[in-house]
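Undergrad: Build the 3D model from these lines:
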Amino acid sequence: MRISRREFVKLMGLAGAAGMFPSSIFAAKRTPGDLYEIPKFGNARILHFTDCHAQLMPVYFREPNVNIGLADAYGRAPHIVGKALLNHFNIEPGTIEAHAFTYIDFDEGVKTYGKVGGFSHLATLVQQLRAAHGPGNSLLLDGGDTWQGSGTAFWTRGKDMVDACNLLGVDVMTGHWEFTYLADEVLENIKSFKGDFVAQNVKAKEDALFEGIPVHDEDTGHVFPPYTIKEVGGARIAVIGQAFPYTPIANPGRFIPDWTFGINDGDMQAIVDQVRENEKPDAVIVISHNGMDVDLKMASVVTGIDAIFGGHTHDGMPAPSRVKNAGGTTLVTNAGSNGKFIGVMDLDVKGGKVRDFRYRLLPVFSNLLEPDQKMAAFISKVREPYLDQLNEELAVADETLYRLGNFNGTFDQVICDALTTANDAQISLSPGFRWGTTVPAGQTITMEHVMDQTGMTYPETYRREMSGEDIKLILEDVCDNLFNADPYYQQGGDMVRVGGLDYVLDPTQGFGKRISDMTLNDGTPIDASKKYVVAGWATVGSKSPGPPVWDQVADYLRLQKTVKIDRLNTPKLKNVEGNPGISSYRSS
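TA: Purely as a prediction, here's the structure:
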């Protein structure tokens with residue numbers, strides 16, 4: 001049963017009066033009813049959401065209990081979870097913010113607070129936040145990963161999200177999973193987008209330029225404008241775009257064969273210098289899809305950036321990190337995922353500089369925000385042709401099914417178990433994607449939930465033989481991506497998910513030395529020279545021959561009826577005791 005906003009606010013007020021939700025430094029003695037009341041500050045309001053992964057409807061989304069940081073990242077945002085995160089940001093346990101920003105008591109919290117996100121609720125909040133600061137005084141940024149992650153986005157090739165963002169009023173965006181459609185489709189979607197698509201680090205290959213492919217600037221090779229200038233609150237604000245640097249490596253380069261990517265921090269510095277010299281802006285900000293650790297490093301070496309609004313790693317950070325560099329200080333933010341949060345940075349910009357700021361990352365609780373009727377009508381129209389598919393009931397979740405975390409989430413385990421079952425395999429491998437919604441315990445798993453976990457343009461499955469040595473190399477390679485001490489060698493995402501396989505992991509070791517003691521589920525040691533039948537999906541190179549993974553997962557769920565994870569193939573960890581990036585860890 002859905003309660004009204006008024007009933008919800010009244011309930012929360014009574015709960016607060018009864019001492020059930022104590023006030024905190026972060027909450028400043030507020031109740032959920034005034035969660036969205038932000039005192040006006042400065043003259044320019046920057047609104048930022050990212051990594052919504054095409055979630056037009058409200059969803060459940062559980063924050064991670066594992067996000068391990070090592071070396072310089074130890075104990076530093078975003079590598080803090082649970083109680084460590086609450087302590088770091090002075091958030092009182094048991095509050096609405098504690099539920100929003102951590103996994104703690106998730107199952108109980110969803111019974112009280114309900115779902116998050118949904119574009120009709122997000123639209124209402126955006127309108128409120130813009131109106132409170134006055135016309136012409138705000139800017140809405142979209143950090144990318146917007147056109148992918150749902151059934152309707154897959155079936156419409158991202159067009160549903162382009163239209164939704166136009167209706168939402170997005171001013172500027174950059175991309176990542178946007179580039180997993182074909183290049184012509186990407187360009188067509190950008191043409192339909194009413195805002196500016198910016199990316200300083202996406203250029204055309206020389207031979208492609210010679211052949212005359214469409215680009216923004218033939219002299220520089222930029223496929224898209226590297227930046228745009230916006231008038232906000234009487235100030236000139238430059239917005240530079242930074243798309244995901246590893247797109248052709250982490251995703252199929254065959255979809256976008258004529259474009260190059262990269263971190264390109266030297267080019268970023270050149271663009272910042274050029275913009276400051278030629279455009280004379282009052283502020284320079286970056287809309288980034290680097291991932292937070294990469295943003296933190298870039299902020300330390302590139303000068304002249306006032307703030308980086310980051311995405312990719314799905315880190316819901318309640319406050320920005322202040323990074324010092326040779327030119328001053330850069331603020332680095334990251335605004336979570338799935339439409340669950342919107343960042344609000346109010347800037348006091350005068351005399352050609354940012355004098356001060358205020359920042360809040362607001363959780364979007366659908367029970368607290370009335371849906372915008374125009375957006376709601378659009379969403380209903382988009383979804384209507386697909387409702388029979390989306391609403392098919394497959395099974396019931398006996399425990400909460402989630403994904404986000406460094407190692408197997410429970411929904412990842414469902415996918416892995418489905419792969420091993422459907423392909424009669426000993427071992428299964430599934431990518432460590434961070435996108436995918438949550439199904440609370442006791443709720444029905446629908447085909448829409450399956451598409452939320454698997455809806456992408458290279459979903460084909462495979463069944464092949466691999467040697468024990470090859471399997472270890474795969475695990476070591478992905479592990480190095482996750483735990484490399486240099487953020488510039490991290491591609492985001494998490495450890496490859498496994499089924500039928502256990503292992504020991506020491507993330508503090510170097511390449512080739514982190515993985516040991518690999519065994520099958522029955523305890524049989526993996527022999528480096530022996531061949532094993534392995535099933536998987538989402539190959540980045542050539543297209544795999546098998547059916548889409550969602551077909552195999554749906555068939556598996558239909559047979560299960562009720563889903564309980566008896567064995568979670570998470571690794572046994574070494575040398576991470578006391579690490580604030582791990583809590584309530586469950587190993588096989």
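
Undergrad: Tell me where the stretch 451-588 of the chain is predicted with low confidence.
TA: Low-confidence segments of the stretch 451-588 of the chain, defined by pLDDT under 70: 588.

Undergrad: which stretches of it form strands?
TA: If DSSP state E, counting those that start in this stretch is used as the criterion, the strands of the stretch 451-588 of the chain fall at 461-467, 497-499, 501-505, 515-520, 531-537, 562-563, 572-573.

Undergrad: Distance to Asn201 added to the ones you listed, as JSON lines?
TA: Glycine gets a C-beta too; all of them are placed from N, C-alpha and C. Shown next, in JSON lines, are the strands of the stretch 451-588 of the chain (distance: least, C-beta to C-beta, whole Å):
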{"stretch": "strand 461-467", "distance to Asn201": "32"}
{"stretch": "strand 497-499", "distance to Asn201": "29"}
{"stretch": "strand 501-505", "distance to Asn201": "32"}
{"stretch": "strand 515-520", "distance to Asn201": "32"}
{"stretch": "strand 531-537", "distance to Asn201": "29"}
{"stretch": "strand 562-563", "distance to Asn201": "41"}
{"stretch": "strand 572-573", "distance to Asn201": "34"}
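
Undergrad: Please work out which of these is packed deepest.
TA: Comparing those by mean neighbour count (mean count of other C-beta atoms under 10 Å), strand 497-499 comes out on top with a mean of 27.

Undergrad: where in the stretch 251-400 of the chain is pLDDT low?
TA: For the stretch 251-400 of the chain, no range has pLDDT under 70.

Undergrad: Determine which of the strands of the stretch 451-588 of the chain approaches Leu182 most closely.
TA: Checking the strands of the stretch 451-588 of the chain against Leu182 by C-beta to C-beta gives strand 531-537 as the closest, at 19.8 Å.

Undergrad: what kind of secondary structure is the residue positioned nearest the centre of the chain in?
TA: Nearest residue to the geometric centre of the chain (C-alpha atoms, centre = their mean): His314, 3.3 Å. The local conformation at His314, judged by DSSP: H, G, I helix; E, B strand; the rest coil, is coil.

Undergrad: Quick check on it: phi, psi?
TA: Backbone geometry at His314, expressed as degrees, to the nearest 10, gives phi 60, psi 30.

Undergrad: what do you get for Tyr60?
TA: The phi/psi pair for Tyr60 (degrees, to the nearest 10) is phi -100, psi 140.

Undergrad: ok, it - contacts?
TA: 110, 115-116, 437-440 (C-beta atoms under 8 Å, 6 or more residues apart in numbering).

Undergrad: In contact with the nearest residue to it once chain neighbours are set aside: list those residues for me.
TA: Nearest non-adjacent residue to Tyr60, counting by C-beta to C-beta, 6 or more residues apart in numbering: Thr438, 4.3 Å away. Applying C-beta under 8 Å, 6+ apart, we find Thr438 in contact with 59-62, 106, 400-403, 411.

Undergrad: now Asp480
TA: Counted by C-beta under 8 Å, 6+ apart, Asp480 has contacts 489, 511, 514.

Undergrad: ok, now with 10 Å
TA: 489-490, 507, 510-512, 514 (C-beta atoms under 10 Å, 6 or more residues apart in numbering).

Undergrad: Same check on Gln128?
TA: 36-38, 369.

Undergrad: Among those residues, which are located in strands?
TA: Among those, no member falls in strands (DSSP state E).

Undergrad: Max pairwise distance over these: which two?
TA: Ile38 and Leu369 (14.3 Å).
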